[in-house]
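Peer 1: quick one, fold the following:
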Amino acid sequence: MKKQVVLSLFISCLLAHSAMALSEAYKDNVYQTGRLKPIDSVLKVKNGQKAPEFTLPSISGKKISLKEYRNKKNVVLSFVPAAWTPVCSDQWPGYNIVQDIFEENNAVLLGISVDNIPTLHSWTNQMGKLWFEVLSDFWPHGATAQKFGILRSDGTAERAIIIIDKKGIIRYIDVHDINERPPLESIVRELEKLR
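Peer 2: Okay, here's the model as predicted:
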């Protein structure tokens, strides 16, 4: 337990330092949203329920379907509200540091935004290479976020982490304060439960 606490603190510090350094590289391009209202949607899914299916285009040029991971990998969905915004621009690069934690827990991470492919390509290119697939829920606009009940009235998605097990069942939902990055420790703890 002590080792896990130390690891948790180390990861938090590392993520904070890394994210700030990465965002400095393109800080003048990041749109300052100001404080946003945290919740503006109605969740349509719950723990223990089968996750809604989706197929979305990726910036890698592939079409990614949730069902392709069935019986193979646990899936962590990371929905972010918008490209080129401060918290989103810090959240995803931080996951590069902990890729091995996802691998150790037989999990894949899928980043999802309602932005279009060219915008996501340009934005993630500024972050450096991300190890996970980045998907566009642009058209029909926000349809996947809507299936989960996390599409906001302004057309952006909530900041949300949804963990789906190998059988396609939702095991964890965190519709997070849109102004804050979700804690990595919670994701790790929930993935370890699926071992």
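Peer 1: give the bridge partners for residue 75, please.
Peer 2: residue 108, residue 164 (DSSP bridges).
Peer 1: distance check, it against residue 88.
Peer 2: 20 Å (Cβ to Cβ, to the nearest Å). Yep, even glycine has a C-beta here, placed from its N, CA and C like the rest.
Peer 1: with neighbour numbers in mind, choose between these two.
Peer 2: residue 88 (25 against 22; other Cβ atoms under 10 Å).
Peer 1: does that one touch residue 82 like I think?
Peer 2: Yes - at 6.3 Å, residue 88 counts as touching residue 82 under the criterion of Cβ atoms under 8 Å.
Peer 1: overlap in contacts, those two.
Peer 2: residue 113 (Cβ atoms under 8 Å, 6 or more residues apart in numbering).
Peer 1: tell me the contacts of residue 175?
Peer 2: With Cβ under 8 Å, 6+ apart, residue 175 has these contacts: 39, 41, 43, 150, 158-160.
Peer 1: next, the buried residues of the helix or strand where it lies.
Peer 2: Using DSSP states H and E, residue 175 maps to strand 170-176. Applying a neighbour-count criterion of 16 or more other Cβ atoms under 10 Å, one finds 170-176 buried in strand 170-176.
Peer 1: can you show me the strands along the chain?
Peer 2: With DSSP state E as the criterion, the chain has strands at 55-57, 63-65, 74-79, 107-113, 133-136, 159-164, 170-176.
Peer 1: same list (these) but as JSON lines, adding distance to residue 101.
Peer 2: Output for those, formatted as JSON lines (distance: least, Cβ to Cβ, whole Å):
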{"stretch": "strand 55-57", "distance to residue 101": "24"}
{"stretch": "strand 63-65", "distance to residue 101": "21"}
{"stretch": "strand 74-79", "distance to residue 101": "10"}
{"stretch": "strand 107-113", "distance to residue 101": "8"}
{"stretch": "strand 133-136", "distance to residue 101": "17"}
{"stretch": "strand 159-164", "distance to residue 101": "13"}
{"stretch": "strand 170-176", "distance to residue 101": "15"}
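Peer 1: and those as CSV, adding mean pLDDT?
Peer 2: Putting the strands of the chain into CSV (pLDDT from 0 to 100) gives the following:
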stretch, mean pLDDT
strand 55-57, 98
strand 63-65, 98
strand 74-79, 98
strand 107-113, 98
strand 133-136, 98
strand 159-164, 97
strand 170-176, 96
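Peer 1: for residue 193, find the nearest of these.
Peer 2: strand 170-176 (7.3 Å; Cβ to Cβ).
Peer 1: just checking: what are the partner strands of the closest one?
Peer 2: Partners of strand 170-176 in its sheet, by DSSP bridges: strand 159-164 (antiparallel).
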